[in-house]
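>>> Below: sequence and its predicted model.
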Amino acid sequence: MSFAHRGVRFLAVATGAAILLTACGGTEKPAANSTSPAAEAPAAGDQTVTHAFEQEISSYNGFTPEEYSSKNHIVVNRVLQDVWYYSPEGGVGRNEEMATYEKVSDDPLTVKYTFNPKAVWSDGADIGCVDVMLTYATGSGKFPDFSYINTDQWGRAEMPDCKVGDKEITLKYKSPFADWEALEMITMPAHIVAEQGGLTVEEFVDAVKAGDQAKLKKAAEFYSKGWLFNGALPDKKLLPSSGQYVIDSFAPGQSVTLVRNDKYWGEPAKADKVVIRFIPQDEQVQALQNGETNIIEPQANPDVLAQLQGLDGIQVKTGEQFLYDHLDFNFDKGPFKDDFKLRQAFALCVPRQQIVDNLIKPQQPNATTMDVRNLAPFQPGYAEAVAFSGADKYKTVDIEGAKKLLAEAGKSKVKVRIGYNQPNPRRTQVVELIKASCDQAGFEIEDTGNEKFFNDGGDLATGNFDVALFGWSGSSLVSGWPSTYKTPSKCTPSAKGNNNGCYSNKEVDKLLDQLLGETDSAKILDLTKQVEKILWDDLATIPLYSQPQLTAWSDKVQNVVPNPSQASVTWNMHQWAMQ
């Protein structure tokens, strides 16, 4: 999927850091409606910067499994801040305007956080202990009524020992945590959650400390569903900001507008407004040329790149990023559920090299198939992990081998529904290439892509697919991807997190737990290699290709800095300015 924002994630699962689901060649959710050129026209004299994204924001809270997607996080990168952010290299940058922190002990791992005395939400409420206690409640796994993307990180920590108003908080861990610098501390406004739950902040903190599930039930219901847009902006009183911008307005199908947060205590945002316009992929180049938007991050392909390079007054930057497309099998229901031979037959007919040759190489001549899932091709150790994993078994299409496996499984003309988000021309072409190849082997490939594939209640969430085609957007952090392959407590939208196919292997679970606690880079690589080998041995998923990055912006905009992580180009929107 997609998700964005800070965190060690694969904008898909994990507390503080998971991987995000993205739609544009990555992992996101449904395609958005087109934008009216007149939408959100800036007033005379305003410093307004516009950015285009193909999907429409659906929730202020992007930390639930249903809403953990780039479409939400790219909007709030500088609206909801934490103690850290994704740096321009895709690693950890410390946000010292929010807090400073230091490791004070290795055994047990202990970290001291000191929040800025001036740090407040835009409605004046203090930022500190109560907000950390909310993050603990949601991420620890001890309060299941709170819908949260992943408990792998906060589940390793002890309950914070603080009281309302505290700005110094010491966090102790029950077990080591590799990415402790990227633990999410401040996520959503706890005072709003408490208020909507009928509690004072003191009562909320006391209930968390007491483990009082019943007292927190109403607050948890609001946290999980109370920030959904549902075609309209929630009451703005429910949307206080901890960053340089606040959400000001929302035009369904058109845009969301951010304005400068006048209560922000640090360096203020440079532009008065940032407008995120919902513009389909195939219209973004034209929108940039027409001045309807200033910044775009379109799905890279040779035609789009050529169009952009032919435009005057436009800066274009290409590069590598932590984003890859893959095929996920459904292990909960459908033809592949308990049939390894069938999965193997399908893997043998998927034309991975042809997909790369036809769709990726024209822009990135040195592109190869993506042969492991959890290291990007440009990262150290990638080649070593590929060699160890056994990915070469499925490097070359083998139609006869696939036919033989189907026969051994007693199958003929196996119908396979491949789901993905539409419109997405590249993914449609991927399905066409798979169909042309796999139909020869005895499969009957059906393209079931649709615009609601990533929606709450859509095909991905409900498991209404045999194979899902989408992308994960991540980072250089190691704790973002483990939850994607960890056995879910149950195969439901709120419980399966990033593991959309509900894959399960107890040995993988064990290795992933070891990985989360490892800080030695050599041991991290060794554990990653072992996981990748099992994922190939089980055929849990089939990685396809790493997506090249493409960002373009008007040369009238200053300080645009593409980011290879799930944070996207909006990671530093507070520094954008018109010249």
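Cool, got the structure.

>>> The stretch 401-550 of the chain: strands as residue ranges?
414-419, 443-447, 467-473, 541-546, 549-554 (DSSP state E, counting those that start in this stretch).

>>> Could you export these as a markdown table, including distance to Glu408, mean pLDDT and mean neighbour count?
From N, CA and C alone the C-beta is placed, and that goes for glycine too. Formatted as a markdown table, those follow (distance: least, Cβ to Cβ, whole Å; pLDDT from 0 to 100; neighbours: other Cβ atoms under 10 Å):
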| stretch | distance to Glu408 | mean pLDDT | mean neighbour count |
| --- | --- | --- | --- |
| strand 414-419 | 13 | 98 | 20 |
| strand 443-447 | 15 | 98 | 19 |
| strand 467-473 | 21 | 92 | 29 |
| strand 541-546 | 20 | 96 | 24 |
| strand 549-554 | 42 | 96 | 23 |
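
>>> Out of the ones you listed, flag the one nearest Ala577.
Nearest to Ala577 among those is strand 549-554; the distance by Cβ to Cβ comes to 12.0 Å.

>>> what's the following helix or strand after that closest one?
Sequence order places strand 557-558 as the next helix or strand after strand 549-554, per DSSP states H and E.

>>> pretty sure Phe222 is touching Gln196, no?
Yes - between Phe222 and Gln196 there is a contact under Cβ atoms under 8 Å: 3.9 Å.

>>> With neighbour numbers in mind, choose between these two.
Phe222 (19 against 16; other Cβ atoms under 10 Å).

>>> out of the strands of the stretch 401-550 of the chain, which comes closest to Ala522?
Of all the strands of the stretch 401-550 of the chain, strand 541-546 sits nearest to Ala522, with 23.3 Å by Cβ to Cβ.

>>> elements contacting the closest one?
When contacts are defined as 3 or more Cβ pairs under 8 Å, 6 or more residues apart in numbering; DSSP states H and E, strand 541-546 packs onto strand 323-329, helix 352-359.

>>> show me where the stretch 201-350 of the chain has helices.
Counting by DSSP state H, counting those that start in this stretch, the stretch 201-350 of the chain has helices at residues 201-210, 213-225, 284-290, 302-309, 340-349.

>>> from these, which stretch is densest packed?
Among these, ranked by average contacts under mean count of other Cβ atoms under 10 Å, first place goes to helix 340-349 (a mean of 22).

>>> what angle separates it from strand 414-419?
Interaxial angle, helix 340-349 versus strand 414-419 (axes from the mean of the first three to the mean of the last three Cα atoms, to 10 degrees): 70 degrees.

>>> I'd say Leu348 and Gly442 touch.
No - counting by Cβ under 8 Å, Gly442 is not a contact partner of Leu348; they are 11.2 Å apart.

>>> Give the residue spans of the chain that score low on pLDDT.
Scanning the chain for pLDDT under 70 picks out 1-45.

>>> Can you give me the domain assignment for it?
Here the domain parsing of the chain from automatic domain parsing is 92-225, 323-546.

>>> Tell me how many other residues surround Lys112.
Neighbours of Lys112 under the rule other Cβ under 10 Å: 14.

>>> Now do the buried residues in the strand or helix carrying it.
Assigning secondary structure by DSSP H and E places Lys112 in strand 109-115. Neighbour counts over strand 109-115 (16 or more other Cβ atoms under 10 Å) mark 109-111, 113, 115 as buried.

>>> who does it pair up with?
strand 99-106 (antiparallel), strand 168-172 (antiparallel) (DSSP bridges).

>>> Buried residues of the first one, list them for me.
Which is strand 99-106. 99, 101.

>>> and the nearest residue to Ala468 once chain neighbours are set aside, what does it touch?
Of all residues not flanking Ala468 in the chain, Asp328 sits nearest, at 4.5 Å (Cβ to Cβ, 6 or more residues apart in numbering). Taking Cβ atoms under 8 Å, 6 or more residues apart in numbering, we find Asp328 in contact with 467-470, 500-501, 540-541.

>>> got JSON lines for the buried residues of strand 109-115, with distance to Ile434 too?
Output for the buried residues of strand 109-115, formatted as JSON lines (distance: Cβ to Cβ, whole Å):
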{"residue": "Leu109", "distance to Ile434": "45"}
{"residue": "Thr110", "distance to Ile434": "50"}
{"residue": "Val111", "distance to Ile434": "47"}
{"residue": "Tyr113", "distance to Ile434": "48"}
{"residue": "Phe115", "distance to Ile434": "51"}
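
>>> if we take the residues you listed, which one ends up nearest to Pro335?
Nearest to Pro335 among the buried residues of strand 109-115, with distances taken as Cβ to Cβ, is Leu109, at 45.0 Å.

>>> that older thread, in TSV: the strands paired with strand 109-115, plus distance to Val561.
Converted to TSV, the strands paired with strand 109-115 look like this (distance: least, Cβ to Cβ, whole Å):
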stretch	distance to Val561
strand 99-106	23
strand 168-172	31
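
>>> Quick one: closest of those to Gln530.
Using Cβ to Cβ, the nearest of these to Gln530 is strand 99-106, at 25.1 Å.

>>> what sits up against the closest one?
Contacts of strand 99-106 (Cβ under 8 Å, 6+ apart): 83, 94, 109-116, 119, 170, 180-181, 185.

>>> if we go to 6 Å?
Residues outside strand 99-106 that contact it (Cβ atoms under 6 Å, 6 or more residues apart in numbering): 83, 110-115.

>>> Now it - C-alpha only, CSV.
The C-alpha coordinates for strand 99-106 follow below in CSV (Å, rounded to 0.1, in the frame of the first residue of the first chain):
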residue,chain,number,x,y,z
ALA,A,99,11.9,17.5,21.0
THR,A,100,15.4,16.3,21.7
TYR,A,101,16.1,12.7,22.7
GLU,A,102,19.1,10.6,23.7
LYS,A,103,19.8,7.0,24.5
VAL,A,104,20.8,6.9,28.2
SER,A,105,21.2,3.1,28.5
ASP,A,106,21.7,0.0,26.3
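
>>> can you offset everything so residue one is 25?
Sure thing, new numbering starts at 25, so read that last one as strand 123-130.

>>> circling back: please compute how far the strand holding Lys136 lies from its chain's middle.
26 Å (Cα atoms, centre = their mean, to the nearest Å).

>>> Please apply the same query to stretch 383-402.
Distance, centroid of stretch 383-402 to centroid of chain: 20 Å (Cα atoms, centre = their mean).

>>> Name the surrounding residues that touch it.
The contact list for stretch 383-402, computed with Cβ under 6 Å, 6+ apart, reads 324, 326, 329, 344, 346, 348, 376-377, 380, 405-406, 409-410, 413, 415, 450, 453, 505, 552, 556, 567-570, 572.

>>> Straight-line length of it, end to end?
Across stretch 383-402, the terminal residues are separated by 19 Å (Cα to Cα, to the nearest Å).
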